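S.K.: Quick one, structure for this:
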Amino acid sequence: MDESSPLLFEIEGHVAVLTLNRPADGNSLNPELLLALEQAWQRIESEEQIRVAILTGAGERHFCTGAAVGVLKLGVGTLHNKPSAAVNRFSPRMCHVTKPVICAVNGLANGGALHFVADCDIVIASSHAVFMDTHVSVGQVSGLESIGIARRAGIGAALLMGLAGRSYRMPAERAYQLGMIDLIEPGAAEVMLRARELAKGIAANSPQAMRLTKRAIWASTEMNDPAAPDYGWELLKSHWAHPDFEEGPRAFAEKRPPRWNPDPNARG
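M.R.: The predicted structure follows:
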């Protein structure tokens with residue numbers, strides 16, 4: 001593993017651990033890191049061995065400070081004529097990752113870092129972590145990650161951070177109360193320990209059942225009733241033809257670990 005890489009990629013059993021590796025620059029997102037993230041999500045999605053991913057930041061002070069301000073000029077020119085989905089591909093949701101992703105926030109999460117908080121499936125943060133959105137403080141529009149935060153923590157949280165800019169830092173405890181994060185641990189080391197323990201447990205589950213469960217739950221943020229439960233019902237029924245549907249109860253009855261089929265297109 002190249003320790004000088006802007007993104008470290010390690011595989012521990014069925015778990016991929018991604019570490020934003022620009023600590024001297026607050027783990028900010030420069031073009032090289034953005035490209036490395038897109039490639040990492042593609043790898044996670046394509047490799048059967050990987051069932052869960054963890055994303056964290058190097059060091060204990062910063063998780064990610066958002067876009068590297070010095071490269072904001074990249075937001076002009078040909079990008080004007082391209083939709084968001086074509087140019088923003090650095091978070092798991094942007095890259096349509098169907099496997100569970102845990103966000104381990106070990107310090108400050110600012111601006112573009114909120115994409116990871118909003119787009120990962122489970123968020124664990126240290127008690128000293130803080131969340132802020134400084135877009136407007138440097139003359140930029142918070143028009144993307146703030147939408148995800150509104151979906152996860154409510155419109156009030158998104159407006160507070162998006163309009164206050166650098167004058168407000170949301171503490172981890174408040175973020176937990178609002179549902180922006182799911183678990184709090186005392187420090188960065190405990191965050192990663194909890195993330196690894198949780199990932200190990202998740203990796204023991206049926207890959208296909210988790211894939212469809214994740215799709216059904218995220219669909220609830222995009223669809224109104226009755227479309228969302230109807231869609232979830234169709235996903236549930238589609239799993240009846242997958243080998244894992246019968247393997248789970250069989251393994252339970254036989255008191256043995258299940259032997260899951262990682263192929264989403266497998267048929268029983």
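S.K.: Now do the helices in the stretch 51-200 of the chain.
M.R.: For the stretch 51-200 of the chain, the helices defined by DSSP state H, counting those that start in this stretch occupy 84-87, 114-119, 145-153, 155-164, 172-178, 188-203.
S.K.: can you map out the strands along this protein?
M.R.: 7-12, 15-20, 52-57, 62-64, 101-105, 108-110, 122-126, 130-132, 170-171, 183-185 (DSSP state E).
S.K.: Pick the most buried one from the helices of the stretch 51-200 of the chain.
M.R.: A comparison of the helices of the stretch 51-200 of the chain by mean neighbour count, using mean count of other CB atoms under 10 Å, puts helix 114-119 on top with a mean of 26. No exception for glycine: its C-beta is placed from N, CA and C like everyone else's.
S.K.: one step back: can the helices of the stretch 51-200 of the chain go into JSON lines with extra columns for mean pLDDT and distance to Gly248?
M.R.: Formatted as JSON lines, those follow (pLDDT from 0 to 100; distance: least, CB to CB, whole Å):
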{"stretch": "helix 84-87", "mean pLDDT": "74", "distance to Gly248": "35"}
{"stretch": "helix 114-119", "mean pLDDT": "97", "distance to Gly248": "29"}
{"stretch": "helix 145-153", "mean pLDDT": "95", "distance to Gly248": "30"}
{"stretch": "helix 155-164", "mean pLDDT": "97", "distance to Gly248": "38"}
{"stretch": "helix 172-178", "mean pLDDT": "98", "distance to Gly248": "32"}
{"stretch": "helix 188-203", "mean pLDDT": "98", "distance to Gly248": "15"}
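S.K.: Provide a list of residue ranges in this protein with pLDDT below threshold.
M.R.: 1, 70-81 (pLDDT under 70).
S.K.: Where do the domain boundaries of it fall?
M.R.: Structurally, the chain divides into domains by automatic domain parsing as follows: 7-203, 207-253.
S.K.: could those domains go into CSV alongside distance to Asn265?
M.R.: Putting the domains of the chain into CSV (distance: least, CB to CB, whole Å) gives the following:
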stretch, distance to Asn265
domain 7-203, 12
domain 207-253, 9
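S.K.: most tightly surrounded among the ones you listed?
M.R.: Most buried of these by mean neighbour count (mean count of other CB under 10 Å) is domain 7-203; its value is a mean of 19.
S.K.: Quick check: end-to-end length of that domain?
M.R.: Distance across domain 7-203, first residue to last, is 23 Å (CA to CA, to the nearest Å).
S.K.: Run the chain-centre distance for that domain.
M.R.: 6 Å (CA atoms, centre = their mean, to the nearest Å).
S.K.: related to what we said a few turns ago, right, and the helices of the stretch 51-200 of the chain - which one's nearest Leu37?
M.R.: Across the helices of the stretch 51-200 of the chain, Leu37 has its closest neighbour in helix 114-119 (9.3 Å, CB to CB).
S.K.: Could you export the closest one as PDB, CA atoms only?
M.R.: Extracted in PDB, the C-alpha atoms of helix 114-119 (Å, rounded to 0.1, in the frame of the first residue of the first chain):
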ATOM      1  CA  LEU A 114     -21.100  16.300   4.500                       C
ATOM      2  CA  HIS A 115     -21.600  14.300   1.300                       C
ATOM      3  CA  PHE A 116     -20.200  11.300   3.100                       C
ATOM      4  CA  VAL A 117     -22.200  11.900   6.200                       C
ATOM      5  CA  ALA A 118     -25.400  12.200   4.100                       C
ATOM      6  CA  ASP A 119     -24.600   9.400   1.600                       C
END
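S.K.: Give the other helices and strands that that helix contacts.
M.R.: Judged by 3 or more CB pairs under 8 Å, 6 or more residues apart in numbering; DSSP states H and E, helix 114-119 is in contact with strand 101-105, helix 145-153.
S.K.: and of these, who's closest to Ala129?
M.R.: strand 101-105 (4.8 Å).
S.K.: what are the pairing partners of that closest one, and which direction each?
M.R.: strand 52-57 (parallel), strand 122-126 (parallel) (DSSP bridges).
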